[in-house]
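1. mind looking at a prediction? Sequence and model below.
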Amino acid sequence: MELLFVVLGGAILGLAARYTLPRRHTYGSVLVPAIGTGVAAVAWVALTWLGWAWDGGWIWVVSLVAAGLASAASAFLIGPRRERHDAALFERLARPGAGRAA
């Protein structure tokens, strides 16, 4: 049951990152929340395997902070890369004959 709650928390943090950080038009609406959800789940399971108690406070803090940081980092990294890739693709498509031997 706690895994469900921590995953929900990761999704909420991912949604917060998606709608508060810039360049959200460059990626899908579910990508950043899905990253937050996945990181929260993986962190929680890894920490329980390491013997951290599920009813302890630190497992919650570490799992949710990791989810929030991963969501924010992915939003900051995906946006500029996507803009560069889109600009390069547009330039390549705008000049269909450029770069080919005649």
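-> Ah, there it is.

2. can you map out the strands along the chain?
-> In the chain, no strands are defined using DSSP state E.

3. list the buried ones in stretch 81-94?
-> Residues of stretch 81-94 include none that count as buried (16 or more other Cβ atoms under 10 Å). For glycine as for every other residue, the C-beta is placed from the backbone atoms N, C-alpha and C.

4. any low-confidence regions in the protein?
-> 98-102 (pLDDT under 70).

5. show me where the protein has helices.
-> 2-20, 31-49, 57-94 (DSSP state H).

6. could you check the angle the last one makes with helix 31-49?
-> Orientation check (axes from the mean of the first three to the mean of the last three Cα atoms, to 10 degrees): helix 57-94 against helix 31-49 gives 150 degrees.

7. and helix 57-94 with helix 2-20, angle?
-> Helix 57-94 runs at 40 degrees relative to helix 2-20, counting by the same axes, to 10 degrees.

8. against which helices or strands is helix 57-94 packed?
-> helix 2-20, helix 31-49 (3 or more Cβ pairs under 8 Å, 6 or more residues apart in numbering; DSSP states H and E).

9. which one is G79 nearest to, not counting chain neighbours?
-> R23 (3.0 Å; Cβ to Cβ, 6 or more residues apart in numbering).

10. what about the one you found, how many neighbours?
-> 13 (other Cβ atoms under 10 Å).

11. one step back: how about the helices and strands packed on helix 57-94 in JSON lines, adding mean neighbour count?
-> Output for the helices and strands packed on helix 57-94, formatted as JSON lines (neighbours: other Cβ atoms under 10 Å):
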{"stretch": "helix 2-20", "mean neighbour count": "18"}
{"stretch": "helix 31-49", "mean neighbour count": "20"}
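
12. reformat the ones you listed as TSV; add distance to R84.
-> Listed next are these as TSV, based on distance: least, Cβ to Cβ, whole Å:
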stretch	distance to R84
helix 2-20	20
helix 31-49	17
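
13. so which of these is nearest G79?
-> Each of the helices and strands packed on helix 57-94 has some distance to G79 by Cβ to Cβ; the shortest is helix 31-49, at 10.0 Å.

14. this completes my enquiry, with thanks.
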